[in-house]
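Engineer: Return atomic coordinates for the entry below.
(chains A and B)
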Amino acid sequence: MADDKDVLRDVWFGRIPTCFTLYQDEITEREAEPFYLLLPRVSFLTLVTDKVKKHFLKVMKAEDVEEMWFDFEGTPLKWHYPIGLLFDLHASNTALPWSITVHFKNFPERDLLHCPSNSVIEAHFMSSIKEADALKHKSQVINDMQKKDHKQLWMGLQNDKFDQFWAMNRKLMEYPTEEGGFRYIPFRIYLTMSDRPFIQKLFRPISSDGYTHTLGDLLKEVYPVAISSDDESKRYQVVIHGIEPLLETPLQWLSEHLSHPDNFLHISVIPAPSD
Amino acid sequence: MSSCFLDEETFCQCCQLLLQHSHSLCDGWSWEQVKGSEEGYLRKTALGTGRTRCNLDQQGNSSDQHQERTFSLSFHNDDDDDDEDDGAVCCIQEESSSSSVVQYEYHILYSCSYQTPVLYFRASTLEGRSLCLEEVWDSVHPNYRQRLQHRPWDTITQQEHPLLGQSFFVLHPCRTEEFMMPVLKAALEEHRQVNYIVTWLSVVGPVVGLDVPLSYCTQVPEPPHTPSRSPQPPPALHSPQP
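Structural biologist: Numbers count the residues shown, from 1 in each chain, chains lettered A, B, ... in the order given. This is a model prediction of the structure:
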């Protein structure tokens, strides 16, 4: 359907205007200007911030520079989470541009993964795709693909090539007609008010008697806190790619159209604004 | 045969049986429950040896003059696309590696995506410095190192702990069925008891310095047999929402 394909493009080309400011305690030879950049929602921080690094290195000595990392209002940002997820989780009800602080020292070892090269990002991305296919197809589709096909998925993401990416990814979105959907839906529900970073469980899109599960059904089953009862005001927002889909939306449809390139539905549950 | 996969309930039962034996040996395993849920994991800390660097340095550029060995993770032999990447790499100075005491922390979690257990671990020096990935690699016993290098999906990578959100190292779980299947099949044919977790741990543990005393294999039973070991789908939700 033409409308549904538009959704795929809107998801892929989503951008977040961001302002990068150097942390005040970094040692510079002269004052560092902030750097502005439009970040792709579906990519990863360490993949798209070479320009940010080059900008700040102009005013710093090499010996004062270690691995670059980012924080937002004191919270270290996990580069292995998609950018759009980080924004929805931490900053969706704040003013644009998104203000991120850049660091080159005191890497928070316990909280952040190291990212010494793009190979690490690629390995992480492919690992997520593989895990998603384990859930959707018992890994049959991903294992039938050749190494060059896997590479095409990664190159499509790295070089922002929608058509190149989807030429391969469409295979990962197929399912036997008689099944009505994937075996299990790859999803993660991210929580801000918990030690636990996310919830991930086995959940079928179609029940054994043919009932189509919705987003609301998923939340009721794995995180009922997110859904307020009728008589109380809404306490939480359930956000995917910066929007709040209707709880009646079929989960299978969401998985096919609102997944990230890693084939996971990354769902943020955040406190609703208080006004 | 679906029995090379593990459902979560059987995982918990296997862990509890392992724990009972651990208590009799006083060798340090504990069960950590996630607040407000049925989920949990096995945990153990231990002192071991590892190879660590004294002068660990992280620089934005590699430099020839100090004879530094630049290490960047690459899982594909033909991978050349990180040429223009001047991201920080872990530079190690050749001459200062040494064998030292390392504090290890091991967690055994259940992966519902792969329906297998997964071993997470972290390591630090006695001064509290976290080991970097290359030091962890160098601490792997030489007997296992070749296997890790040539099979990317068996390798050790840094990952986020799914329950704690902190950085851990992980042995990738997607090939677990390859080594578990023959063992489980043979045990079934010979009517022997096999505790999935004990068997699995005895294979993966030693790779990362975690030894499993022989008594585990002889003393820990398998959980009571349940008719079906495949994961049950969630209960059908019959009524559409109003």
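Engineer: which residues of the stretch 151-275 of chain A fall in strands?
Structural biologist: Using DSSP state E, counting those that start in this stretch, the strands found in the stretch 151-275 of chain A span residues A:187-191, A:198-199, A:236-239, A:265-271.
Engineer: correction: chain B
Structural biologist: B:30-33, B:40-53, B:57-59, B:68-71, B:89-93, B:97-111, B:116-125, B:156-160, B:167-171 (DSSP state E).
Engineer: show me where pLDDT drops low in chain B?
Structural biologist: B:1-4, B:54-96, B:147-154, B:174, B:226-242 (pLDDT under 70).
Engineer: Go through the lengthiest helix in it and flag the buried ones.
Structural biologist: When chain B is parsed with DSSP state H, its longest helix is helix B:8-25. For helix B:8-25, the buried set under the neighbour-count rule, 16 or more other CB atoms under 10 Å in any protein chain shown, comprises B:8, B:10-15, B:17-19, B:21-22. The way it works is simple: take the backbone N, C-alpha and C, and place the C-beta from them, glycine included.
Engineer: Check the contact between B:S100 and B:T49; I expect there is one.
Structural biologist: Yes: between B:S100 and B:T49 there is a contact under CB atoms under 8 Å: 7.0 Å.
Engineer: Compare neighbour counts for these two and give me the winner.
Structural biologist: The residue with more neighbours, out of B:S100 and B:T49, is B:S100; 15 against 12, by other CB atoms under 10 Å in any protein chain shown.
Engineer: can you pull the contacts of the nearest residue to the more buried one once chain neighbours are set aside?
Structural biologist: Excluding the flanking residues, the one nearest B:S100 by CB to CB, 6 or more residues apart in numbering or on different chains is B:T52, at 5.0 Å. By CB atoms under 8 Å, 6 or more residues apart in numbering or on different chains, B:T52 lies in contact with B:97-98, B:100, B:102, B:125, B:131, B:135, B:139.
Engineer: Tell me the most packed of these, by neighbour count.
Structural biologist: B:L131 leads the contacts of B:T52 on contacts (other CB under 10 Å) with 24 neighbours.
Engineer: For B:S167, see how far away it is.
Structural biologist: Distance, B:L131 to B:S167, by CB to CB, to the nearest Å: 11 Å.
Engineer: list residues touching both of those two?
Structural biologist: Residues within reach of B:L131 and of B:S167 at once, by CB under 8 Å, 6+ apart, are B:R122.
Engineer: could you pull out the helices for the stretch 1-150 of chain A?
Structural biologist: In the stretch 1-150 of chain A, the helices defined using DSSP state H, counting those that start in this stretch lie at A:2-12, A:45-48, A:50-57, A:83-90, A:118-137, A:140-144, A:147-158.
Engineer: what's the burial count for the closest residue to B:V207 other than its chain neighbours?
Structural biologist: Closest residue to B:V207 apart from its sequence neighbours, by CB to CB, 6+ apart: B:Y144 at 4.6 Å. Using other CB under 10 Å, B:Y144 has 14 other residues around it.
Engineer: Quick check: B:Y144 touching B:G205?
Structural biologist: No: using CB under 8 Å, B:Y144 is not in contact with B:G205, being 11.0 Å away.
Engineer: quick one: contacts for B:Y104?
Structural biologist: Contacts for B:Y104 (CB under 8 Å, 6+ apart) come out as B:45-48, B:121-123, B:208-210.
Engineer: out of these, which are buried?
Structural biologist: For the contacts of B:Y104, a burial check counting by 16+ other CB under 10 Å picks out B:121-123, B:208-210.
Engineer: before we move on, back to that, now the helices of the stretch 1-150 of chain A as a markdown table including mean neighbour count, mean pLDDT and distance to A:E73?
Structural biologist: Output for those, formatted as a markdown table (neighbours: other CB atoms under 10 Å in any protein chain shown; pLDDT from 0 to 100; distance: least, CB to CB, whole Å):
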| stretch | mean neighbour count | mean pLDDT | distance to A:E73 |
| --- | --- | --- | --- |
| helix A:2-12 | 13 | 88 | 26 |
| helix A:45-48 | 20 | 98 | 16 |
| helix A:50-57 | 17 | 97 | 18 |
| helix A:83-90 | 24 | 98 | 7 |
| helix A:118-137 | 22 | 95 | 25 |
| helix A:140-144 | 14 | 96 | 38 |
| helix A:147-158 | 18 | 97 | 28 |
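Engineer: Which one of these lies nearest to B:C112?
Structural biologist: helix A:118-137 (8.4 Å; CB to CB).
Engineer: What parts of the stretch 51-200 of chain A come near chain B?
Structural biologist: Counting by CB under 8 Å from any CB of the partner chain, the stretch 51-200 of chain A comes close to chain B at A:53, A:57, A:62, A:65-68, A:78, A:80, A:107, A:109-120, A:122-124, A:127, A:130-131, A:134-135, A:139, A:147, A:158, A:186, A:195-198, A:200.
Engineer: Name the residues that touch stretch B:34-42?
Structural biologist: Contacts for stretch B:34-42 (CB under 8 Å, 6+ apart): A:195-196, B:8, B:12, B:15, B:18-19, B:29-33, B:106-110, B:163, B:197.
Engineer: Can you say which of those residues are buried?
Structural biologist: Buried by 16+ other CB under 10 Å: A:196, B:8, B:12, B:15, B:18-19, B:29, B:106-110, B:163, B:197, out of these.
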